[in-house]
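1. Quick one, what's the 3D model for this:
(chains A and B)
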Number of protein chains: 2
Amino acid sequence: MSLTGPQGFRAAGITAGIKASGRPDLALVVNDGPEQTAAAVFTRNKVKAAPVLWSQQVMTTGTLKAVVLNSGGANACTGPEGFQTAHATAEKAAEVLATGAIEVAVCSTGLIGAQLPRDVVLAGVEKAAAALEATPDAGLAAATAIMTTDTVAKQALSEQAGWSVGGITKGAGMIAPSMATMLSVLTTDASADAATLDRALRAAVRVSFDRLDVDGSMSTNDTVIVLASGASGVTPSEQDLTAALTEVARDLAKQMQADAEGVTKRILVRVTGAASEDDAVVTARTVARDSLVKTALFGSDPNWGRIAAAAGYADAALDPEKLDVTINGVTLCRGGVAAGDRGLADLSGEDVLVEVELGLGSGEAEILTTDLSHAYVEENSAYSS
Amino acid sequence: MSLTGPQGFRAAGITAGIKASGRPDLALVVNDGPEQTAAAVFTRNKVKAAPVLWSQQVMTTGTLKAVVLNSGGANACTGPEGFQTAHATAEKAAEVLATGAIEVAVCSTGLIGAQLPRDVVLAGVEKAAAALEATPDAGLAAATAIMTTDTVAKQALSEQAGWSVGGITKGAGMIAPSMATMLSVLTTDASADAATLDRALRAAVRVSFDRLDVDGSMSTNDTVIVLASGASGVTPSEQDLTAALTEVARDLAKQMQADAEGVTKRILVRVTGAASEDDAVVTARTVARDSLVKTALFGSDPNWGRIAAAAGYADAALDPEKLDVTINGVTLCRGGVAAGDRGLADLSGEDVLVEVELGLGSGEAEILTTDLSHAYVEENSAYSS
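-> Have a look, this model is predicted:
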């Protein structure tokens, strides 16, 4: 159960024919209200895909009736023609849903630099509109239609007192440094004004999707959209709304980590004792992104010296004489000096906890990442060809 | 010919017994003068190895008689005991060379976090001192003794009018973002005061070693030292000295690129039209470091969209409508839009030229890097165990 768990939503996922493989490639999510409040967060990449440019425009109203998502092509670096395709997609959805194009956001994912087959996409929107349902299966179909190198569809639901938050996401590579090549749609039947929903979404993304870093690459297409229907009649506090959005976003982020390209280890890098939370994030991200750390963990090698070196070149305060490094509960570096027996750190399992204590303050943060494996190289050396 | 090309230098490379493999592991370079001017550049990592801490101290005088270098252990994260080992190594070299410890720099490379066998190192210094020669073979022996995962010894020489610059280096991984896990010693028989030599070295390193980025990791041990003997009797202009040091440093950097861990492609990322040189360096480095770009090129896939995406998330000015991307002479993206036939970009060879034109100004820079291959993952997942 995901998008259609909260009341007031219908979804569909169908095969439009964009992907040569014949797999599902177009999803539609519709907010039937009574309210149609929305908020979104987009990639900070300066090279933005056409659907991101379109959706940024329509989000200025703080309301959305629907979101169209496609896999099989990013519609990025496609110029005016690509923008017209995104616009036409929104126009088509607006036509079949009897609303205005300004109420329709568009998201795309896939190869950069190829035009989408516009007629195929527009026909797909009509087909998806005809398939819209409020069933759990409809949410799953939408989650399935946005998959690229994902191997499993990703859904989450958080039940609250009389209201709920649901969500889907896709993303398996090009994930970081803030959000992923990820598209995510969240729904809630809570009632919330646009400003509150926007703040709640940003707060949730900051500690969930923004804390997932698979390969340090930031996509041209990253988009997270939340739609609020108000159908539950409940207006939760901003704190409760933020907490529920965060719960769903974290759940989805962990699913993306577990399904990341070539993953054999799920790695959590926890930095504590930093001079600030920002310093903790920067240090954790630098360790999480270091190729030598990631390959060592792929090899089940507790090579903590690479972790210390990565922490040391992070752009954050660090006193080498106060640095502790712990792997899976075994402290291997204390006060900047080798400590303990590296043979005791058991890396045979799939989960690895890397703890870095800086001893400087109370800043702390966690970053989710993965190892760097042969399979990552294999998948990414053969993606577009 | 390398270190001993310039007049006034002797070198040695021997097997001290630090490496379990029994391969050469200790080098000694001696400046017999008449002058003993020196300059050095060290890692900016906040976690600095003991020999870096020692050598930073002795460099405050601007003079050096000798440099001791060992492979087989980084002597990093080794606390006071490790620092005492570095100090004792300099004391031993000073004793056998009849000078003061403050005239001896120490460099180490290898696994982080293990103590060096002090007695073995000190006996090695005596053995190396007995082997010192001014022959070409002695320079090669020194270059060989500092190898870690390097597969070939790396030497260079630049002959000028009546004087010359020679050098050796090692480095194959953990290379970036400014200098490598690299140790390099340069020698010259030019005469130069310490301040001029320091400026010339920094200028040379900035456009050579600093422009090599294999994996974005910055080591705890990076050191480049230049020794000037004045034995030629020639005092070149600062410009000529800088040019000769740059020539040798670039030659050595290219050798490191060609021998980088797991390399199958030598990649040059050239950014032009940037708003500033700094922006060009940042953009080129971001593209060079992007795992998705590196895996695509490993797969001989001209996936220019990943290059555009990486340029777009670099922390530098970029206008997506002015972005051109060219691979091996074939422009695949013009004005931010797909252009040309990606099938025309021939990636079958070992050398790849990636050109990114930003269309904003006159800033330009080049970064040398490598692809991300199965062999990189293999070497680095099994390095310490």
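
2. Can I get the helix or strand hosting residue A:83 in PDB, CA atoms only?
-> Using DSSP states H and E, residue A:83 sits within helix A:79-97. C-alpha atoms of helix A:79-97 as PDB (Å, rounded to 0.1, in the frame of the first residue of the first chain):
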ATOM      1  CA  GLY A  79      16.200  22.000 -25.700                       C
ATOM      2  CA  PRO A  80      12.900  23.700 -26.700                       C
ATOM      3  CA  GLU A  81      11.500  20.600 -28.300                       C
ATOM      4  CA  GLY A  82      11.900  18.700 -25.000                       C
ATOM      5  CA  PHE A  83      10.300  21.500 -23.100                       C
ATOM      6  CA  GLN A  84       7.400  21.400 -25.500                       C
ATOM      7  CA  THR A  85       7.000  17.600 -24.900                       C
ATOM      8  CA  ALA A  86       6.800  18.200 -21.100                       C
ATOM      9  CA  HIS A  87       4.300  21.000 -21.700                       C
ATOM     10  CA  ALA A  88       2.200  18.900 -24.100                       C
ATOM     11  CA  THR A  89       2.200  16.000 -21.600                       C
ATOM     12  CA  ALA A  90       0.800  18.300 -18.900                       C
ATOM     13  CA  GLU A  91      -1.800  19.700 -21.400                       C
ATOM     14  CA  LYS A  92      -2.900  16.100 -22.300                       C
ATOM     15  CA  ALA A  93      -3.300  15.100 -18.700                       C
ATOM     16  CA  ALA A  94      -5.200  18.300 -18.000                       C
ATOM     17  CA  GLU A  95      -7.500  17.600 -20.900                       C
ATOM     18  CA  VAL A  96      -8.400  14.100 -19.800                       C
ATOM     19  CA  LEU A  97      -8.700  15.200 -16.100                       C
END
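
3. ok, then the element right after that helix?
-> strand A:104-108.

4. Relative to the whole chain's centre, how far out is that next one?
-> 16 Å (C-alpha atoms, centre = their mean, to the nearest Å).

5. If I take that strand and helix A:79-97, what angle do their directions form?
-> Per axes from the mean of the first three to the mean of the last three C-alpha atoms, to 10 degrees, the angle that strand A:104-108 makes with helix A:79-97 is 130 degrees.

6. For strand A:104-108, output the C-alpha coordinates as PDB.
-> Extracted C-alpha coordinates of strand A:104-108, given in PDB (Å, rounded to 0.1, in the frame of the first residue of the first chain):
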ATOM      1  CA  VAL A 104      -0.100  19.000 -13.700                       C
ATOM      2  CA  ALA A 105       3.600  18.300 -12.800                       C
ATOM      3  CA  VAL A 106       5.700  16.100 -15.000                       C
ATOM      4  CA  CYS A 107       8.700  13.900 -14.000                       C
ATOM      5  CA  SER A 108      11.000  11.900 -16.300                       C
END
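
7. any residue of whichever helix or strand comes after it up close to chain B?
-> As assigned by DSSP H and E, the chain's next helix or strand after strand A:104-108 is helix A:118-131. No: counting by C-beta under 8 Å from any C-beta of the partner chain, chain B is not contacted by helix A:118-131; separation bottoms out at 15.3 Å. Glycine gets a C-beta too; all of them are placed from N, C-alpha and C.

8. Looking at helix A:118-131 now, give me its mean pLDDT.
-> The predicted model assigns helix A:118-131 a mean pLDDT of 98.

9. quick one: contacts of the helix or strand following that helix?
-> For helix A:118-131, the succeeding helix or strand toward the C-terminus, using DSSP H and E, is helix A:136-145. For helix A:136-145, contacts defined as C-beta atoms under 8 Å, 6 or more residues apart in numbering or on different chains pick out A:1-5, A:10-15, A:24-29, A:69-71, A:131-132, A:153-155, A:166, A:168-170, A:185.

10. And helix A:136-145, what's buried?
-> A:136, A:138-145 (16 or more other C-beta atoms under 10 Å in any protein chain shown).

11. counting contacts, what elements does the longest helix seen in chain A pack onto?
-> Longest helix of chain A, by residue count under DSSP state H: helix A:238-258. With contacts defined as 3 or more C-beta pairs under 8 Å, 6 or more residues apart in numbering or on different chains; DSSP states H and E, helix A:238-258 has these neighbours: strand A:154-159, strand A:164-170, strand A:183-188, helix A:194-206, strand A:363-370.

12. what's the closest of those to residue B:339?
-> Of all those, it is strand A:183-188 that lies closest to residue B:339, at 26.7 Å by C-beta to C-beta.

13. which strands and helices sit next to the closest one?
-> strand A:26-31, strand A:66-70, strand A:164-170, strand A:223-228, helix A:238-258.

14. Contacts for that strand, please.
-> Contacts with strand A:183-188, where a contact means C-beta under 8 Å, 6+ apart, come from A:3-6, A:8-9, A:29, A:31, A:67, A:69, A:107, A:109, A:142, A:146, A:163-171, A:201, A:209, A:221-229, A:241, A:244-245, A:248-249, A:252.

15. Strand partners (parallel or antiparallel) of it?
-> strand A:164-170 (antiparallel), strand A:223-228 (parallel) (DSSP bridges).

16. Report the inter-axis angle for that strand versus strand A:66-70.
-> 150 degrees.

17. And the residue of the stretch 101-250 of chain A closest to chain B?
-> For the stretch 101-250 of chain A and chain B, the shortest gap (C-beta to the nearest C-beta) falls at residue A:112, measuring 2.5 Å.

18. Show the contacting residues for that residue.
-> Counted by C-beta under 8 Å, 6+ apart, residue A:112 has contacts A:49, A:74, A:76-77, A:220, B:303-306, B:308-309.

19. In space, what's closest to it - neighbours in sequence excluded?
-> residue B:305 (2.5 Å; C-beta to C-beta, 6 or more residues apart in numbering or on different chains).

20. looking at this, that neighbour is in a helix?
-> Yes: according to DSSP: H, G, I helix; E, B strand; the rest coil, residue B:305 belongs to a helix.

21. Surely it and residue A:110 touch.
-> No: under the criterion of C-beta atoms under 8 Å, residue B:305 is not in contact with residue A:110, lying 9.8 Å apart.

22. more crowded one of the two?
-> Legend: neighbour count by other C-beta atoms under 10 Å in any protein chain shown for residue B:305 and residue A:110, higher for residue B:305 (27 against 23).

23. Now do the helix holding residue A:83: distance to the chain's middle.
-> For helix A:79-97, the distance to the chain centre is 24 Å (C-alpha atoms, centre = their mean).

24. ditto for stretch A:253-266
-> The answer for stretch A:253-266 is 12 Å, by C-alpha atoms, centre = their mean.

25. Could you tell me which residues of the stretch 201-350 of chain A lie near chain B?
-> A:215-220, A:289-292, A:295-296, A:298-301, A:303-306, A:308-313, A:318-320, A:323, A:332-333, A:335-338, A:342.

26. Weed out the non-buried ones from these.
-> A:215-220, A:289-292, A:295-296, A:298-301, A:303-306, A:308-313, A:318, A:320, A:323, A:332-333, A:336-338, A:342.
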